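Engineer: This is the structure alone, sequence omitted:
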DNA sequence: GCGTAAAAACCGTCCAGACGGTATGTTTTG
DNA sequence: CAAAACATACCGTCTGGACGGTTTTTACGC
């Protein structure tokens, strides 16, 4: 059973497995569990094999980071609305993708890894900011409003709660918040323009 | 505070310095920089001296955690409004404290450390959730609305951005967002528990 | 096809350094 | 003097990664 039906070496699959195992290790056992030996064992390769594909631990983590960011980027791109003039277009997609995260799906679980890397390493923090700022620049016509910012900030809060399972991590609470935010967003992007419901 | 004559030894101050240096190390150079040797060197004591005050690395981190949570708690308590019926009373204070964080002040910089610990260690995550849920229970009459949740989530997002200096970490952007959220909060009041589903 | 040689993929071992922690002093304080 | 507050030296472990060897895959001339 250890030998695959196809007699072929598949380095690409090995690389993918290494990344996935690295992510799983981090999510399930915390950052300190990310050692070359652990990753290699989980991925069923030797440490030498791992170091053949990734020049070092940093390269491994970089690969993981790149993969996750790319995945998130594609999700946002997929979720973004066609109307290029609608305010908070990008930020809404950002929020929706994060709000839709299901931690039981490995693919999405990795976003938690990203969050972890962001908060622990200034280097990845900077790279993430780079990504965000690039998107913000691309959508500067629609996503520099306070409401857009708010959507993204709340999304980050939601995202953060994915890591620790706070009071806002249950699917129901999440749905409620998402609905509320969308409503808020749809109702009045600018509170300065008379919110006609001034009821306490 | 009357008795504090010239005294060569000041263990209390040393303990405080140790905690502060630990926090600074983490914020400035990331979690892996938190080593006993680094902390000891920064605090100008020997490793043995450090271990005399804190039984081990865990004890050090625990001390830091406790201190920061206590500080944050006192800040929120101080910022909370007297009107016990005003909606989102607690969450607004929560937001204001976080929005007021000035990373140049060491005392406040430590909040970033808390955030870091929260996102990296499930253990501290749980302890933090415990704190939040206790507060939420205490203010259940005012802070279980979607708007209150939103305020807290956005605050968390803001808080997170303190760590990495994202696009929302500048004082101006921060003020803008805070103002926007307060306005939103004051205007929109609460659609109550408006189960307005209709998602795809 | 075939052989072969190089390159890529992969393995197992060993080592230097870092880190947490202990053990044992030495000085200061009460 | 006893206890607290430090310092110094040292140890065991872990980890990243270097290194050399082995197997598989590919490239190529025939």
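Structural biologist: In hand now; what should we look at? Predicted model only: the values in this text are computed from it and were never measured.
Engineer: Not counting its neighbours along the chain, what's nearest residue A:68?
Structural biologist: Among residues not flanking residue A:68 along the chain, residue A:114 sits closest, at 4.5 Å (CB to CB, 6 or more residues apart in numbering or on different chains). In this view, the C-beta of every residue, glycine as well, is placed from N, C-alpha and C.
Engineer: Count the residues that sit near that neighbour.
Structural biologist: By the measure other CB atoms under 10 Å in any protein chain shown, the count of residues near residue A:114 is 20.
Engineer: The strand or helix carrying it - what's its average pLDDT?
Structural biologist: Element membership for residue A:114, per DSSP states H and E: helix A:106-120. For helix A:106-120, mean pLDDT is 84.
Engineer: same check, this time on stretch A:148-166
Structural biologist: For stretch A:148-166, the per-residue pLDDT averages 91.
Engineer: That stretch: which residues count as buried?
Structural biologist: A:148-164, A:166 (16 or more other CB atoms under 10 Å in any protein chain shown).
Engineer: give the contact list for the residue nearest to residue A:68.
Structural biologist: By CB atoms under 8 Å, 6 or more residues apart in numbering or on different chains, residue A:114 lies in contact with A:65, A:68, A:69, A:72, A:128.
Engineer: Is the helix holding residue A:114 in proximity to DNA strand D?
Structural biologist: No: Helix A:106-120 lies out of reach of DNA strand D by CB under 7 Å from any atom of the strand, never closer than 14.2 Å.
Engineer: Quick check: next helix or strand after that helix?
Structural biologist: Later in the chain than helix A:106-120, the nearest helix or strand by DSSP H and E is helix A:122-138.
Engineer: mind checking how far that next one is from the chain centre?
Structural biologist: Using CA atoms, centre = their mean, to the nearest Å, the mean C-alpha position of helix A:122-138 is found 13 Å from that of the whole chain.
Engineer: That helix near DNA strand D anywhere?
Structural biologist: No: residues of helix A:122-138 are not located near DNA strand D by CB under 7 Å from any atom of the strand, the shortest gap being 14.5 Å.
Engineer: What are the contacting residues of that helix?
Structural biologist: A:65, A:69, A:73, A:76, A:90, A:114, A:117-119, A:143-144, B:29-30, B:163-167.
Engineer: Find the nearest non-adjacent residue to the residue nearest the centre of chain A, please.
Structural biologist: Central residue of chain A (CA atoms, centre = their mean): residue A:111, 3.5 Å from the mean position. Spatially, and ignoring its direct neighbours in sequence, residue A:111 is nearest to residue A:101 (5.7 Å; CB to CB, 6+ apart).
Engineer: now swap in residue A:77 and tell me
Structural biologist: Nearest to residue A:77 is residue A:93, by CB to CB, 6+ apart, at 8.0 Å.
Engineer: Go ahead and confirm that neighbour touches residue A:83.
Structural biologist: No: with contacts counted by CB atoms under 8 Å, residue A:93 stays clear of residue A:83, the gap being 11.8 Å.
Engineer: Surely residue A:118 and residue B:161 touch.
Structural biologist: No: using CB under 8 Å, residue A:118 makes no contact with residue B:161, being 10.1 Å away.
Engineer: got the residue ranges for the strands in chain A?
Structural biologist: Ranges of strands in chain A, per DSSP state E: none exist.
Engineer: pLDDT below threshold where in it?
Structural biologist: The model of chain A has pLDDT under 70 over residues A:1-8, A:188-200.
Engineer: how does it divide into domains?
Structural biologist: A:10-55, A:66-188 (automatic domain parsing).
Engineer: centre of the chain versus the longest one, how much separation?
Structural biologist: The one in question is domain A:66-188. Using CA atoms, centre = their mean, the offset of domain A:66-188 from its chain centre is 7 Å.
Engineer: With stretch A:56-72 instead?
Structural biologist: Computed by CA atoms, centre = their mean, the chain-centroid distance of stretch A:56-72 equals 12 Å.
Engineer: is DNA strand C contacted by that stretch?
Structural biologist: No: shown here: stretch A:56-72 not in contact with DNA strand C (CB under 7 Å from any atom of the strand), separated by at least 12.9 Å.
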